[in-house]
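>>> Sequence isn't available, so here's the structure alone:
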């Protein structure tokens, strides 16, 4: 077997190229699986963070709603007291007017 040096180098080059292509495909496949796993982990982490923040916002809204209801109740009570005071003052003015009309002052 008389193989020329050029043919031997060509065959070795083709073998190295084929080996490199196979190793490249295997590496690509493995990295793609790892990237998918990594993306799933990142997505899950981001979803958990977003869910936590939304829960915190919901709790804050509930707290504000409770504070608003308490303020509304105080406002209603204050309005009722003002109305009663105005009625009392009106009655007091009527009594004062009666005394003035009788000339007792």
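Received, thanks. Fair warning: this is a prediction, and the values are worked out from it, not measured in the lab. Numbering: from 1, shown residues only.
>>> From the structure, what's the count of residues near residue 74?
10 (other Cβ atoms under 10 Å). Yep, even glycine has a C-beta here, placed from its N, CA and C like the rest.
>>> quick one: low-confidence parts of the chain?
Scanning the chain with the threshold set as pLDDT under 70 gives 1-3, 39-40, 103-105.
>>> at 80 what do you get?
Counting by pLDDT under 80, the ranges of the chain that qualify are 1-3, 33-44, 102-105.
>>> can you pull out the helices in it?
Using DSSP state H, the helices of the chain run over 5-102.
>>> Contacts made by stretch 71-91 with the rest, please.
Around stretch 71-91, nothing counts as a contact under Cβ atoms under 8 Å, 6 or more residues apart in numbering.
>>> mind listing what's buried in it?
Residues of stretch 71-91 include none that count as buried (16 or more other Cβ atoms under 10 Å).
>>> Distance from the chain centre to it, please.
Centroid separation between stretch 71-91 and its chain, computed with Cα atoms, centre = their mean, to the nearest Å, is 41 Å.
>>> got it, and stretch 80-97?
52 Å.
>>> Stretch 62-76 now?
The answer for stretch 62-76 is 24 Å, by Cα atoms, centre = their mean.
>>> ditto for stretch 89-99
Worked out by Cα atoms, centre = their mean, stretch 89-99 lies 60 Å from the chain centre.
>>> How about stretch 51-70?
Worked out by Cα atoms, centre = their mean, stretch 51-70 lies 12 Å from the chain centre.
>>> separation between residue 14 and residue 58?
Distance, residue 14 to residue 58, using Cβ to Cβ, to the nearest Å: 65 Å.
>>> Residue 78 now?
30 Å.
>>> With residue 65 instead?
10 Å.
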